[in-house]
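Asker: Next one to model:
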Amino acid sequence: METDKRQFRIILEVCPSDNHLYGQSGKIRFMYKDAKEWKEYAQTLAKQQWEGEPTKNELMADIVFFFKRDRDVMGSCKLLFDSFQKIVYDNDSQFVHVNLHKMRDVKNPRVEIFIQEI
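Answerer: Numbers count the residues shown, from 1 in each chain. Predicted structure coming up:
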């Protein structure tokens, strides 16, 4: 008998833009304060919603960014996946399928994330 696939759904405030996530001083790469604070916010909400140990199964994700104006999302995705690591899943390398969407919503910018075991 197949067990139920675990799911995780969360809606978060939009994270800082890609240019405000990471910096570099010489050979040292670091995360900016706003990005650290957003990551802690996302982790706190994830810990409140995810029950049990992080899954070790393969995963799929649907992610929809709603922005006030057009912007890049690739760095934001990295921060998003890193935020849930060791809480929802063991490692972000478990993702085998990711759907990524970018839309405009001037009144309610946010990111909606749905993760499911495969």
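Asker: roughly how far is the longest helix anywhere in the chain from the heart of the chain?
Answerer: Secondary structure of the chain per DSSP state H: the longest helix is helix 33-49. Centroid displacement of helix 33-49 relative to its chain, using C-alpha atoms, centre = their mean, to the nearest Å, is 10 Å.
Asker: excluding its backbone neighbours, what's nearest K5?
Answerer: E117 (4.3 Å; C-beta to C-beta, 6 or more residues apart in numbering). Backbone N, C-alpha and C define where each C-beta goes, glycine included.
Asker: Burial check on the one you found, number of neighbours?
Answerer: 17 (other C-beta atoms under 10 Å).
Asker: Contact partners for it?
Answerer: Going by C-beta atoms under 8 Å, 6 or more residues apart in numbering, E117 touches K5, R6, Q7, T55, N57, E58, L59.
Asker: Next up, the contacts around the spatially most central residue of the chain.
Answerer: Most central in the chain under C-alpha atoms, centre = their mean is L80, positioned 2.3 Å from the mean C-alpha point. Neighbouring residues of L80 by C-beta under 8 Å, 6+ apart: C15, A42, I63, V111, I113.
Asker: quick one: which of those is nearest K86?
Answerer: Nearest to K86 out of these is A42 (C-beta to C-beta; 12.7 Å).
Asker: okay, now that closest one: neighbour count?
Answerer: Residues near A42, counting by other C-beta under 10 Å: 22.
Asker: Do you have the helices of the chain handy? List them.
Answerer: 33-49, 74-84.
Asker: Please save the CA atoms from the last one in CSV.
Answerer: What that stands for is helix 74-84. C-alpha atoms of helix 74-84 as CSV (Å, rounded to 0.1, in the frame of the first residue of the first chain):
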residue,chain,number,x,y,z
MET,A,74,16.9,33.3,-9.9
GLY,A,75,18.7,34.6,-6.8
SER,A,76,15.3,34.7,-5.0
CYS,A,77,14.8,31.0,-5.8
LYS,A,78,18.2,30.1,-4.3
LEU,A,79,17.3,32.0,-1.1
LEU,A,80,13.9,30.4,-1.0
PHE,A,81,15.3,26.8,-1.4
ASP,A,82,18.0,27.4,1.1
SER,A,83,15.5,28.8,3.7
PHE,A,84,13.5,25.5,3.8
